[in-house]
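S.K.: sequence and predicted structure, then a few things I'm wondering about:
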Amino acid sequence: MVENRPFLTILSHVVVLIGVAIIAFPVWMTFVASTHSQQTMLQSPIPIWPGPHLIENYAKVLTDGYGRVGSTPVMMTLTNSLIMALGVALGKIAISIISAFAIVYFRFPGRMYFFWAIFVTLMLPVEVRIVPTYGVVASLGMLDSYSGLIIPLIASATATFLFRQFFLSVPDELTEAARVDGASPMRFFWDILLPMSRTSIAAMFVIQFIYGWNQYLWPLLITTKESYYTVVMTVSRQANVVDSVPSWNLLMAMAMLAMLPPVLVVVFMQRQFVRGLVETEK
Amino acid sequence: MEKRVTFNERWLPYLLVGPQIVITLVFFFWPSGQAIYQSVLLEDAFGGNTKFVFLDNFIHLFNDPGYYHSARLTVVFSFLVAAVGLAASLLLAVMADRIIRGATAYKTFLVWPYAVAPAVAGVLWGFLFNPSVGIIAWMLQGIGIEFNYVINGNQALLLVVIAAVWNQISYNFLFFLAGLQSIPKSLIEAAAIDGAGPGRRFWDIVFPLLSPTGFFLLVVNIIYAFFGTFGVVDSLTKGGPAKATEILVFKVYNDGFRGQDLGGSSAQSVILMLVVVLLTVVQFRFIERRVHY
């Protein structure tokens, strides 16, 4: 800082601490609710400190789900979410990195048409064209399948642009050297370009993993079988079921489990996360 | 920008762009085309007969007070989300930027809401404000405010705004912080030497230099409020009570899937597409300008 103003420094700490507290409060209350018995959670005011039923509640939702007949064990929905998030992240990275490679390192007829075809997808989020996209996926027979959950979401340009941007910054001398040594394009891609792209790939992975995990409307529409439900949609669906005696403790345990994986990814890969966030907006 | 050194291959590049182009054609161009095509058709309730009605769906939409209500609501909603979100995150970023000791720890505590799914964020805030067990609803009752978002439309809207802002605040915070850190320290020091206090320095130097970041975030937040908040609305209020939180993107889904009005829903999709294209163009033009700074 430019000058020493103890009062302002203290004020900064206080403001940021209050901000952190307000932001963390909903999650704290969720955690607290997930550690009490069903009875405790039915009388207002509810407790604001954790109770003794943590293991019991979590074990119950993981193996039995919400506990009513026909509800899905969270273990299964977590697995589905993981498959979907990994599929979206890895699928997007795989198809985008090779198409960016083609667009940057080759001259071929129609190159600019391909480029623009990919570019316009940036503009329309899946929510806008949700009804016809559902129709297309239904007519391809992809409802209730992992491919239906994953493939329609990997048609997006953000990753292609990130990799294109990165490839353009790779010095031409490397390409020249590879060509002089007689390396084929794919050899150059595997041995030089791909290792150099590690950090971009990691950044992209974090962003797309969160994107895939947090999908809500799409899995809600195209899954009718419980074996394909994802955790985010079951939490929201369960929250809107009107029970005579709601099990807040179990619902909140489910919500905690739905948040945990992406939050851990962000916290432990914070550098890659920030990088990915900033770079995908360029 | 173009590469000087390239490879000469005849078929390889097509093979490489192939997967992405195929997926884009099947899952992007085909449905988008369908949306435009269906927006000029009228389908009867059993899906048997369709007839070409040209712009009737649009005319019908523009004569529908419900659509105006939803459009006006969306504008109010996105204004609130953008204004509250930007103000709160700017305050946090300016304060966090001053802090040297413990800055990384604070940052970690502020970035994670981004990772929470909008639908889950809706559930969390719904729990806090739940009329029977919500702790905040209980506290509000203690000071004499009856908060029941299930029956009160304005309160429902307020709650959706709070949840949406909470979900987006880390994003805004990170960009504002990056913007603040890229302001040359020499400018601030020069102003301090000239006797400008912290408040003066903020309004006269930091704020104007931060305006490109602010404008960029404004567009991003409006796009977010328009399209990214579906999960929040669906898990909190389902557009209710009495359509008080039925924003446009929710109406597209509601009319298309629940109401089975394919033509009307497609016409709404087409209008929303135009809105996104417009916003994206604004965003890109602006980013191009920013590069020259």
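M.R.: Ah, there it is. This is a predicted model, so every value here is computed, not measured.

S.K.: which residues touch the residue nearest to A:A239 when sequence neighbours are not counted?
M.R.: Excluding the flanking residues, the one nearest A:A239 by Cβ to Cβ, 6 or more residues apart in numbering or on different chains is B:V123, at 4.5 Å. Backbone N, C-alpha and C define where each C-beta goes, glycine included. Shown in contact with B:V123 (Cβ atoms under 8 Å, 6 or more residues apart in numbering or on different chains): A:V235, A:S236, A:A239, A:L251, A:A255, B:S235, B:L236.

S.K.: tell me which element B:V123 is part of?
M.R.: Under the criterion of DSSP states H and E, B:V123 resides in helix B:118-128.

S.K.: quick one: distance of that helix to the chain centre.
M.R.: Its chain's C-alpha centre and that of helix B:118-128 lie 17 Å apart, by Cα atoms, centre = their mean, to the nearest Å.

S.K.: now do the buried residues in the helix or strand just after it.
M.R.: Sequence order places helix B:135-142 as the next helix or strand after helix B:118-128, per DSSP H and E. Neighbour-count burial for helix B:135-142, with 16 or more other Cβ atoms under 10 Å in any protein chain shown as criterion, is recorded at B:I135, B:I136, B:A137, B:W138, B:L140, B:Q141.

S.K.: ok, and of those, which contact chain A?
M.R.: B:I135, B:W138 (Cβ under 8 Å from any Cβ of the partner chain).

S.K.: so which of the buried residues of helix B:135-142 comes closest to B:T280?
M.R.: Distances from B:T280 to these, taken as Cβ to Cβ, are shortest for B:I136 (36.7 Å).

S.K.: that closest one against B:L128, yeah?
M.R.: Yes - using Cβ atoms under 8 Å, B:I136 is in contact with B:L128, at 4.7 Å.

S.K.: sorry, back to before: against B:N221, how distant is the residue nearest to A:A239?
M.R.: Per Cβ to Cβ, to the nearest Å, B:V123 is found 22 Å from B:N221.

S.K.: same check, this time on A:S12
M.R.: Following Cβ to Cβ, the distance that separates A:S12 from B:N221 is 24 Å.

S.K.: tell me which of those two has more neighbours.
M.R.: The neighbour count for A:S12 versus B:N221, taken as other Cβ atoms under 10 Å in any protein chain shown, is higher for B:N221 (25 against 21).

S.K.: okay, and the more buried one sits in which element?
M.R.: Taking DSSP H and E as the criterion, B:N221 maps to helix B:207-223.

S.K.: show me what that helix is packed up against.
M.R.: helix B:65-98, helix B:153-181, helix B:262-291 (3 or more Cβ pairs under 8 Å, 6 or more residues apart in numbering or on different chains; DSSP states H and E).

S.K.: winner for burial among the ones you listed?
M.R.: Across those, averaging neighbours per residue (mean count of other Cβ atoms under 10 Å in any protein chain shown) puts helix B:153-181 on top, at a mean of 22.

S.K.: the helix or strand that that helix is followed by: which residues count as buried?
M.R.: Using DSSP H and E, the helix or strand that follows helix B:153-181 in sequence is helix B:185-193. Neighbour-count burial for helix B:185-193 flags B:I188, B:A191, B:A192 (criterion: 16+ other Cβ under 10 Å).

S.K.: pLDDT on helix B:185-193, on average?
M.R.: Per-residue pLDDT over helix B:185-193 has a mean of 84.

S.K.: which neighbouring elements make contact with it?
M.R.: Using 3+ Cβ pairs under 8 Å, 6+ apart, helix B:185-193 sits against helix B:198-201.

S.K.: and for the helix it packs on, what are the contacting residues?
M.R.: For helix B:198-201, the external contacting residues (Cβ under 8 Å, 6+ apart) are A:R5, A:L8, B:I188, B:A191, B:A192.
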